[in-house]
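Peer 1: Quick one, what's the 3D model for this:
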Amino acid sequence: MSTAEPDPLALARHVARGCDRAVLAAVARDGTPEAGAPYSSLVQVAFDHDAAPILLISTLAEHTKNLLVDPRCSLLFDGTAGLAEPLTGPRVSLQGTARQTGDARLAERYLARFPGARMYAGFKDFAFWKVVPARAHLVAGFGRIRWFDGFAFDASDAADLAAGEPDIVAHMNADHADAIALYATKLGGKAAGDWSMTGVDPEGFDLREAARGEVARLAFDKAVRDPETARVELVRLAKRARAGG
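Peer 2: Residues are numbered from 1 along each chain as shown. The predicted structure follows:
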């Protein structure tokens, strides 16, 4: 991330986007013993350019059966990994509405982050869902607590970036593996490994380590709206990484 302290909402999105999994809570449907009560489960999560979560879930799962009846849900993103005192670290609770989506671009963003999901993404009982954010609650440590009435990033003028994303990712992975490794280790504080880029959006980009399945999130110093501006920011961050972070 930038050395400048981000605004709380940007921090909330950064924490959430940096998580590849979340606890999904939905309302248990009528006809079940726990009807009306919260039901929580673990899901893998990717994100759209506007920071809306993307899920790939099966109709055989209890959480999907519940969402098909009542689409209201909450997702907990835990950014406290590795801390000796987890309650001093950041986490985000996001409330929203989950809807099935047939958007191929969203599917590809998810599958780029979770390549192993390609083996079952086409099964009849699986479908992609997008959670439309409503309110969000950030706890960034003791005394740093905020509610937000909105969560999404306005990506309405970033269509060129969305269209160019596959080419950017392919180019970086094919021609700039050295820069990607430095992003992960020098800027992201991660251990060396087989790192690749999985996505780029207006606020930053995502990396994944193949062997460990570990992810890293790097933020741009300023929002980007098109491939050229993204290239400038990626070059800037590569220079920073080579200079030692």
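Peer 1: Which strands and helices lie in contact with the longest strand anywhere in the chain?
Peer 2: Once the chain is assigned using DSSP state E, the strand that runs over the most residues is strand 126-139. Secondary-structure packing of strand 126-139 (3 or more CB pairs under 8 Å, 6 or more residues apart in numbering; DSSP states H and E): helix 8-17, strand 53-58, strand 91-101, helix 104-113, strand 145-148. Any C-beta I mention is one placed from the backbone N, CA and C, and that applies to glycine too.
Peer 1: could you dump those to CSV with distance to residue 127?
Peer 2: Written out in CSV, the entries for the helices and strands packed on strand 126-139 read as follows (distance: least, CB to CB, whole Å):
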stretch, distance to residue 127
helix 8-17, 22
strand 53-58, 7
strand 91-101, 5
helix 104-113, 10
strand 145-148, 28
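Peer 1: Please name whichever of the ones you listed is nearest to residue 240.
Peer 2: Nearest to residue 240 among these is helix 8-17 (17.2 Å), distances taken as CB to CB.
Peer 1: For whichever helix or strand comes after the closest one, list every residue counted as buried.
Peer 2: Stepping forward along the backbone from helix 8-17, the first helix or strand reached (DSSP states H and E) is strand 21-27. Across strand 21-27, burial judged by 16 or more other CB atoms under 10 Å covers 22, 24, 25, 26, 27.
Peer 1: for this protein, what are the low-confidence residue spans?
Peer 2: In the predicted model of the chain, residues 1-6 satisfy pLDDT under 70.
Peer 1: Okay, domains of it per the record?
Peer 2: 8-148, 159-242 (automatic domain parsing).
Peer 1: hmm, back to that, mind giving me JSON lines with the helices and strands packed on strand 126-139 and columns for mean neighbour count and distance to residue 122?
Peer 2: Output for the helices and strands packed on strand 126-139, formatted as JSON lines (neighbours: other CB atoms under 10 Å; distance: least, CB to CB, whole Å):
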{"stretch": "helix 8-17", "mean neighbour count": "22", "distance to residue 122": "26"}
{"stretch": "strand 53-58", "mean neighbour count": "21", "distance to residue 122": "11"}
{"stretch": "strand 91-101", "mean neighbour count": "19", "distance to residue 122": "15"}
{"stretch": "helix 104-113", "mean neighbour count": "19", "distance to residue 122": "10"}
{"stretch": "strand 145-148", "mean neighbour count": "13", "distance to residue 122": "36"}
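Peer 1: Out of the ones you listed, which is closest to residue 213?
Peer 2: Comparison of those against residue 213 by CB to CB identifies helix 104-113 as nearest, at 10.3 Å.
Peer 1: What helices and strands are in contact with the closest one?
Peer 2: By contact count (3+ CB pairs under 8 Å, 6+ apart), the secondary structure elements abutting helix 104-113 are strand 46-47, strand 53-58, strand 126-139, helix 159-175, strand 195-201.
Peer 1: which one of those is the most hemmed in?
Peer 2: strand 46-47 (a mean of 26; mean count of other CB atoms under 10 Å).
Peer 1: Please identify the pairing partners of that one and their relative orientation?
Peer 2: When pairing is defined by DSSP bridges, strand 46-47 lines up against strand 53-58 (antiparallel).
Peer 1: which residues make contact with the partner strand from outside it?
Peer 2: With CB atoms under 8 Å, 6 or more residues apart in numbering as the test, strand 53-58 has contacts from 16, 22, 24, 43-48, 63-64, 67, 75, 94, 96, 98, 101, 106-107, 109-110, 114, 117, 121, 123, 125-131, 133.
Peer 1: now do stretch 64-79
Peer 2: Residues outside stretch 64-79 that contact it (CB under 8 Å, 6+ apart) are 15-16, 18-19, 22-30, 39, 43, 45, 53, 57-59, 89-99, 129, 131.
Peer 1: swap the cut-off to 7 Å and go again
Peer 2: Counting contacts by CB atoms under 7 Å, 6 or more residues apart in numbering, the residues outside stretch 64-79 that touch it are 15-16, 18-19, 22-29, 39, 53, 57-58, 89-99, 131.
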